[in-house]
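*Asks:* Whatever this is, show me its structure:
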Amino acid sequence: MRESYLMAVSAADDAILVPFSRIRNISCAANATINISCDPAVHDPTGTDADVDIIVLTITADTEVAVLKDLTTQLLGAQAGNGQGSVLMVCDDVNSVFAHPDILSCTISRGAV
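*Replies:* Next comes the predicted model:
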């Protein structure tokens, strides 16, 4: 079965493509904010690998539960694509494409601890 991917684009030269299998968790960090934590694309040179890549979604206030549920449904749907890999664009700030109408923008942090 081919792997599916989550993609985010926060600027013309800032994008990330993450295999679903490398997503650690999706959480509501604060009002109007959802964090998607992933295994790091580049491992920590110290060998501890304690770092993560994080996609921070800015969303409409008080819509966290609705956005989390819908993202879960979309992830499961993309994963169940009959053996075909797919890409779920969660946030594209450059072209104003969002996986949910309450996602407003995103930032990408690599190697966050």
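
*Asks:* could I get the strand ranked longest in the chain in PDB with only the CA atoms?
*Replies:* What stands out as the longest strand in the chain, according to DSSP state E, is strand 103-112. Only the C-alpha atoms of strand 103-112 are listed here, as PDB (Å, rounded to 0.1, in the frame of the first residue of the first chain):
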ATOM      1  CA  ILE A 103      -8.000  27.200   8.900                       C
ATOM      2  CA  LEU A 104      -6.700  30.700   8.300                       C
ATOM      3  CA  SER A 105      -2.900  30.300   8.000                       C
ATOM      4  CA  CYS A 106       0.100  28.200   9.000                       C
ATOM      5  CA  THR A 107       3.700  28.300  10.000                       C
ATOM      6  CA  ILE A 108       6.300  25.600   9.900                       C
ATOM      7  CA  SER A 109       8.900  25.000  12.600                       C
ATOM      8  CA  ARG A 110      11.600  22.500  11.900                       C
ATOM      9  CA  GLY A 111      13.600  20.800  14.700                       C
ATOM     10  CA  ALA A 112      11.500  22.400  17.500                       C
END
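
*Asks:* Tell me the bridge partners for Ala30.
*Replies:* Note on Ala30: beta-bridge partners by DSSP bridges are Thr33.

*Asks:* could you pull out the strands for the chain?
*Replies:* 5-11, 14-19, 23-30, 33-38, 52-59, 87-92, 97-98, 103-112.

*Asks:* now those as TSV including mean pLDDT?
*Replies:* Listed next are the strands of the chain as TSV, based on pLDDT from 0 to 100:
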stretch	mean pLDDT
strand 5-11	96
strand 14-19	94
strand 23-30	93
strand 33-38	96
strand 52-59	95
strand 87-92	95
strand 97-98	98
strand 103-112	90
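
*Asks:* JSON lines for those, including distance to Thr72?
*Replies:* (Each C-beta comes from the backbone N, C-alpha and C, glycine too.) Formatted as JSON lines, those follow (distance: least, CB to CB, whole Å):
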{"stretch": "strand 5-11", "distance to Thr72": "12"}
{"stretch": "strand 14-19", "distance to Thr72": "16"}
{"stretch": "strand 23-30", "distance to Thr72": "8"}
{"stretch": "strand 33-38", "distance to Thr72": "11"}
{"stretch": "strand 52-59", "distance to Thr72": "14"}
{"stretch": "strand 87-92", "distance to Thr72": "11"}
{"stretch": "strand 97-98", "distance to Thr72": "16"}
{"stretch": "strand 103-112", "distance to Thr72": "14"}
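
*Asks:* I appreciate the help and will end here.
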